[in-house]
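Engineer: Sequence and computational prediction follow.
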Amino acid sequence: MSNAHIDHHLHLLTHLRSILVAVGETEHVYGESHAFFLERFDELMAAPSEQHLGQEVICEVFQRYPQIAHLVPRELLWFFGGDCLHFMPDEEIRDFQAQEDQRHQSEQR
């Protein structure tokens with residue numbers, strides 16, 4: 001994967017983290033549990049290409065904070081794949097697959 005591709009997803013993770021921080025400040029969430037989760041999120045941000053960790057953390061966002069599920073960048077679900085794809089409708093998965101196929105074709109040229 002190119003650095004630009006990783007950097008783009010790191011930017012999306014940074015955006016999602018800012019949303020999580022805001023949720024912790026404005027809603028009633030368990031302080032220590034929320035802080036621990038943010039630490040795990042930071043571990044992911046330090047190694048954004050770690051697929052397994054990414055799947056765990058992103059899926060946990062949906063489980064812990066369903067009120068912000070609509071704010072999770074869809075590209076992160078596709079990027080980490082695996083269990084994250086359960087949060088995407090089939091039509092959206094097809095669209096992302098088509099985009100990825102086009103990206104690979106462009107890289108081949």
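Structural biologist: Arrived safely, thanks for sending.
Engineer: Any idea how many residues pack against Gln55?
Structural biologist: For Gln55, the count of nearby residues is 19 (other CB atoms under 10 Å). Every residue, glycine included, has its C-beta placed from N, CA and C.
Engineer: I figured it hits Phe79, correct?
Structural biologist: No. Look at Gln55 against Phe79 with CB atoms under 8 Å: they stay out of range, at 10.0 Å.
Engineer: ok, the residue nearest the centre of the chain to Gly54 distance?
Structural biologist: Nearest to the mean C-alpha position of the chain, by CA atoms, centre = their mean, lies Leu76 at 3.5 Å. Between Leu76 and Gly54 the distance, using CB to CB, to the nearest Å, works out to 8 Å.
Engineer: for Met88, same thing?
Structural biologist: 15 Å.
Engineer: quick one: which of these two has more around it?
Structural biologist: Ranked by neighbour count (other CB under 10 Å), Met88 and Gly54 place Gly54 first, with 22 against 16.
Engineer: show me what contacts Glu100?
Structural biologist: Counting by CB atoms under 8 Å, 6 or more residues apart in numbering, Glu100 touches Trp78.
Engineer: The same query, at a cut-off of 6 Å, please.
Structural biologist: If you count contacts by CB atoms under 6 Å, 6 or more residues apart in numbering, Glu100 has none.
Engineer: quick one, phi psi at it?
Structural biologist: With angles defined as degrees, to the nearest 10, Glu100 sits at phi -70, psi -40.
Engineer: Now do it against Glu32, distance only.
Structural biologist: Distance of Glu100 to Glu32, given as CB to CB: 39 Å.
Engineer: Low-confidence stretches in the chain?
Structural biologist: 1, 30 (pLDDT under 70).
Engineer: Which SSE is immediately downstream of the longest helix belonging to it?
Structural biologist: In the chain, taking DSSP state H as the definition, the longest helix is helix 3-26. Moving toward the C-terminus from helix 3-26, the next helix or strand (DSSP states H and E) is helix 31-46.
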